[in-house]
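Asker: no FASTA, just this:
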């Protein structure tokens, strides 16, 4: 699955994790959006449900275990290069997620 210059949009998930009035954000360590802050998440893998992808991505990126809840929105980032070609195209489904446990730590794909 090619992320850069894909042949079709890639499906991703994000988690809105709120704990004690604070929202969990990660600083992106890779393109697209390297250095920007956003929700933890990533791509859905073949054979995986969106909820399973949320759980896996959050624990991989942050070390935290979450329980996905209701859908809160869809984000559709499309990035074009200087020539107008589509460099990145994602459809990201964001879920509200409750914290179940784990120890907060940054993974290699987040800064």
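Answerer: Perfect, I can see it now. Small disclaimer: the values here were computed from a predicted structure and weren't measured.

Asker: Show me where the chain has its helices.
Answerer: 50-62 (DSSP state H).

Asker: mind checking how far the most far-flung residue of it relative to its centre is from residue 106?
Answerer: Of all residues in the chain, residue 83 has its C-alpha farthest from the mean position, at 27.1 Å, by CA atoms, centre = their mean. Counting by CB to CB, to the nearest Å, the gap from residue 83 to residue 106 is 35 Å. No exception for glycine: its C-beta is placed from N, CA and C like everyone else's.

Asker: now residue 98
Answerer: Residue 98 sits at a distance of 21 Å from residue 106 (criterion: CB to CB).

Asker: what about the longest strand in the chain?
Answerer: Within the chain, and with DSSP state E defining each element, the longest strand by residue count is strand 86-102.

Asker: Using neighbour counts, pick out the buried residues of that strand.
Answerer: Of the residues in strand 86-102, 87-97, 99 count as buried by neighbour count, 16 or more other CB atoms under 10 Å.
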